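Asks: fold the following, please.
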Amino acid sequence: MMCDKNLIYIGGPTAVGKSLIAIEIAKHFSTEIISCDSRQFYKELKIGTAPPSKDELNKINHHFIQDRSVLDHLSAGEYEKEAINIINNLFKKTKNLILVGGSGLYAHSILFGLDSLPNISKHTLDEVNNIYINKGLTHIQNLLKKIDFEYYNKVDLNNHRRIIRALSVSIESKTPYSSFLGRINQKRNFKEHIYVINEDRDKLYNKINFRVDQMIENGLEIEAKYLNKMKHLRALQTVGYKEWLPYWNGECKKKNVIEEIKKNSRRYAKRQLTWFKKYKSAKWMKPHESINSIIGYHK
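Replies: Have a look, this model is predicted:
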């Protein structure tokens, strides 16, 4: 018997307009939205993660939007368990659900499940994270090269979060992280439908730059300064928050910080697009055509 439950995943790079598209589609199907944006989980990150507005949240019931503190980190594995439980319950009363967000690993955990990784202690995670904060990206890249050369050769070496995760698993388990990868995907009780919203590069970069300018106007610096005392937390190793320290130390001008945030946001968008290319069944579309196209696929 064919599965009649549809999980409609709307992915794409930062600032492309995923949230508004998801809301319109959810309204059409009278359903709810599951967020898989791993930084919009945290209530303290009000400006720098561009979460949906109160007005937007009032239109459609959202899950995993600012529902916990940065002190309560939610790993991809923990998110998978929580979200699948919610999704299974919601599917008891609806045929269609919307999953939206650009955090590829968190989306993948719902769509297909994660590789079975050993539990990692908070002590090890904090220790590796502090090595990164104190010694920088090149140092942890070299550590990974020594510990797990196979994963070093295929990971995005600019993605410090993946390197930190791989090092933490390798150190804790005394086994290379790469040896845990490639396990069989989880069987889900729904049919996944993947839609990637993308824009011409110049238009996308203009949207990213405009969003950063809006964040600055809305008080991003004040928010980042208030949260600086928690900069050791993983949630704060995020574009928009980590770039301010040189300015506060008098080492550069504010305009340099803003340009750095824009540059890092554009780099993040590139990494997101690289991730989505691995989904061979995904349908790619422009923002202006996406709402009608996605609704049309599910008539």
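Asks: for the rest of this, base every contact and every neighbour count on C-alpha atoms.
Replies: OK.
Asks: roughly how far does K254 sit from Y241?
Replies: 13 Å (Cα to Cα, to the nearest Å).
Asks: model confidence for the closest residue to Y132 other than its chain neighbours, exactly?
Replies: In space, and not counting its chain neighbours, Y132 is closest to I140: 6.3 Å by Cα to Cα, 6 or more residues apart in numbering. Note for I140: predicted pLDDT of 95.
Asks: over to M2?
Replies: 49.
Asks: could you do E80 as well?
Replies: pLDDT, read off for E80, is 93.
Asks: you'd agree it is up against H108?
Replies: No - assessed by Cα atoms under 8 Å, E80 is found out of contact with H108, at 9.0 Å.
Asks: more neighbours: which of the two?
Replies: Neighbour count, other Cα atoms under 10 Å: between E80 and H108, E80 has more, with 22 against 17.
Asks: which helix or which strand is home to the more buried one?
Replies: E80 is part of helix 76-90 when elements are defined by DSSP states H and E.
Asks: same check, this time on A166
Replies: helix 160-173.
Asks: the next helix or strand after that helix pairs with which strands, and in what direction?
Replies: Proceeding N to C from helix 160-173, the next assigned helix or strand is strand 191-197, under DSSP H and E. Paired strands of strand 191-197, with direction, are strand 6-11 (parallel), strand 283-285 (parallel) (DSSP bridges).
Asks: check which residues of strand 191-197 are buried.
Replies: For strand 191-197, a neighbour-count test (16 or more other Cα atoms under 10 Å) marks 192-197 as buried.
Asks: roughly how far out does the biggest helix by length in the chain sit from the chain middle?
Replies: The residue-count maximum for a helix in the chain (DSSP state H) belongs to helix 254-276. In terms of Cα atoms, centre = their mean, to the nearest Å, the centre of helix 254-276 is found 14 Å from the chain centre.
Asks: may I see the buried residues of it?
Replies: Buried, per 16+ other Cα under 10 Å, within helix 254-276: 257-258, 260-266, 268-269, 271-273, 275-276.
Asks: okay, how far is it across stretch 104-123, tip to tip?
Replies: Counting by Cα to Cα, the terminal residues of stretch 104-123 are separated by 26 Å.
Asks: starting at the chain centroid, how far to that stretch?
Replies: 13 Å.
Asks: over to stretch 92-101?
Replies: The answer for stretch 92-101 is 19 Å, by Cα atoms, centre = their mean.
Asks: straight-line length of that stretch, end to end?
Replies: Using Cα to Cα, first and last residues of stretch 92-101 are 23 Å apart.
Asks: what's the answer for stretch 179-195, then?
Replies: Terminal-residue distance, stretch 179-195 (Cα to Cα): 31 Å.
Asks: mind checking how far it is from the chain centre?
Replies: 17 Å.
Asks: pull out the buried positions in it.
Replies: 190, 192-195.
Asks: output those as a markdown table; include the columns distance to G113.
Replies: As requested, those are exported to a markdown table (distance: Cα to Cα, whole Å):
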| residue | distance to G113 |
| --- | --- |
| F190 | 13 |
| E192 | 12 |
| H193 | 15 |
| I194 | 15 |
| Y195 | 18 |
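Asks: contacting residues for F41?
Replies: Going by Cα atoms under 8 Å, 6 or more residues apart in numbering, F41 touches 64-69.
Asks: make TSV out of these and add pLDDT and distance to I86.
Replies: Output for those, formatted as TSV (pLDDT from 0 to 100; distance: Cα to Cα, whole Å):
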residue	pLDDT	distance to I86
F64	98	10
I65	98	14
Q66	97	16
D67	96	14
R68	97	16
S69	97	20
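Asks: who wins on neighbours among those residues?
Replies: Counting by other Cα under 10 Å, top hit in these: I65 with 21 neighbours.
Asks: where does that one fall, phi/psi-wise?
Replies: Per-residue torsions, I65: phi -120, psi 110 (degrees, to the nearest 10).
Asks: what values do phi and psi take at the spatially closest residue to it that is not a sequence neighbour?
Replies: Spatial nearest neighbour of I65, excluding adjacent residues (Cα to Cα, 6+ apart): F41 at 4.8 Å. Per-residue torsions, F41: phi -60, psi -30 (degrees, to the nearest 10).
Asks: measure F41 to G101 for me?
Replies: Taking Cα to Cα, one finds F41 at 11 Å from G101.
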